[in-house]
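> how does the following fold in three dimensions:
(one chain, ligands or ions: 1)
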Amino acid sequence: MIPEIHVALSSGVLTATISRSDKKNALTNDMYGALADAIARANDDDEVRVLLIQADGDTFTSGNDVSEFAAQATGNGPKERNVVRFLQGLANATVPIIAAVQGKAVGVGTTMLLHCDYVLLSDEAQLITPFVNLALVPEAASSYLLPLRIGHAKAFEMFALGDAVPADVAVAWGIANKTTSAADLRAEAHRIAGKIAAKPIGSLTAMKRLMRDAEKLVAQMDCESATFVERLASAEAKEAFMAFAQKRQPDFTKLARQ
Ligand code: COA
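This next block holds a predicted model:
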């Protein structure tokens, strides 16, 4: 157990709460590990019928901790990359996953939603995928899932420009189910989780298995991961991480294609 991820089981709903508000819920290796453990528990524990992912503070998550990206780029990252276990856990999850998203969902904060079965956004939520802005590539099988969900044109725009997609647009595009006020978000997510938890779990898990191709998702994650690691070591990524640390805009214009 780590303080940045709280996990609690109540009436068949396993709730994992991301809680690192001072850093806008940026995800560290340890946090990915705890989330991966929660997914594994949801799969293995017969008491769990639904997994609900939510977050404290004003931001769902600002994505991967950028200082950990920078450490990985210089070979100083963790030996075991828990993000891999987390993402594969999402791909192989058997029980329904619900997400309650307020504020910004950046990077993996958005791509993880493509693995959730019911996504609730607060009215002011924004989905942001700034992988190219960081000189990286999309992960979590999102290079496959996002174009499949919203079409190539919009997926390219989200990935290449990294502009924020407002909650109502995300619903119209089919990335999320519906919006609600920030004040009602948690209660509504728990209401929906409770409704799903009351359904026959054998039928739900069988339906979820039929609706998704977990093998394809993991294969796509492996391809993305190989490219991601290459990009992490690039001069472009070094400039992006340095700019973030120095709180300035990156300048990629002097860097040649690699
Ligand atoms: N990794 C590490 N630290 C992060 C972070 C991240 N992904 N996102 C935010 N933080 C830290 C900031 O460095 C800052 O730390 P400090 O108080 O020690 O200076 C603190 O969290 C608050 O962030 P700040 O940028 O001041 O908040 P904001 O409300 O102005 O902006 C974001 C919020 C999320 C828009 C902005 O922080 C951001 O763009 N973060 C990076 C997102 C990103 O590129 N993630 C990787 C995706 S692949």
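> drop to CA atoms for contacts and neighbour counts, all remaining ones
OK.
> so which residues of the stretch 1-150 of the chain form strands?
5-10, 13-18, 50-55, 97-101, 104-106, 118-122, 126-128 (DSSP state E, counting those that start in this stretch).
> and the third one, how far out from the chain middle?
Just to be clear, that refers to strand 50-55. In terms of C-alpha atoms, centre = their mean, to the nearest Å, the centre of strand 50-55 is found 12 Å from the chain centre.
> right, is it up against the ligand?
No. Strand 50-55 lies out of reach of the ligand by C-alpha under 6 Å from any ligand atom, never closer than 13.6 Å.
> got a list of what the residue nearest to Pro130 when sequence neighbours are not counted touches?
With C-alpha to C-alpha, 6 or more residues apart in numbering as the criterion, Pro130 has its nearest non-adjacent residue at 4.3 Å, and that residue is Gly162. Applying C-alpha atoms under 8 Å, 6 or more residues apart in numbering, one finds that Gly162 lies in contact with 128-133.
> just the closest residue of the stretch 51-200 of the chain to the ligand, please.
Nearest residue of the stretch 51-200 of the chain to the ligand: Asp65, at 3.3 Å (C-alpha to the nearest ligand atom).
> burial check on that residue, number of neighbours?
16 (other C-alpha atoms under 10 Å).
> now Gly75
12.
> so what pLDDT did it get?
Model confidence at Gly75, given as pLDDT, is 87.
> okay, the residue nearest to Pro130: pLDDT?
On the pLDDT scale, Gly162 gets 97.
> try Gln258
For Gln258, the model assigns a pLDDT of 72.
> now for it: which residues touch it?
Ser234.
> and what of Ser225?
Contacts for Ser225 (C-alpha under 8 Å, 6+ apart) come out as Glu139.
> can you do 10 Å?
With contact set as C-alpha atoms under 10 Å, 6 or more residues apart in numbering, Ser225 has these partners: 84, 137-141, 219, 231.
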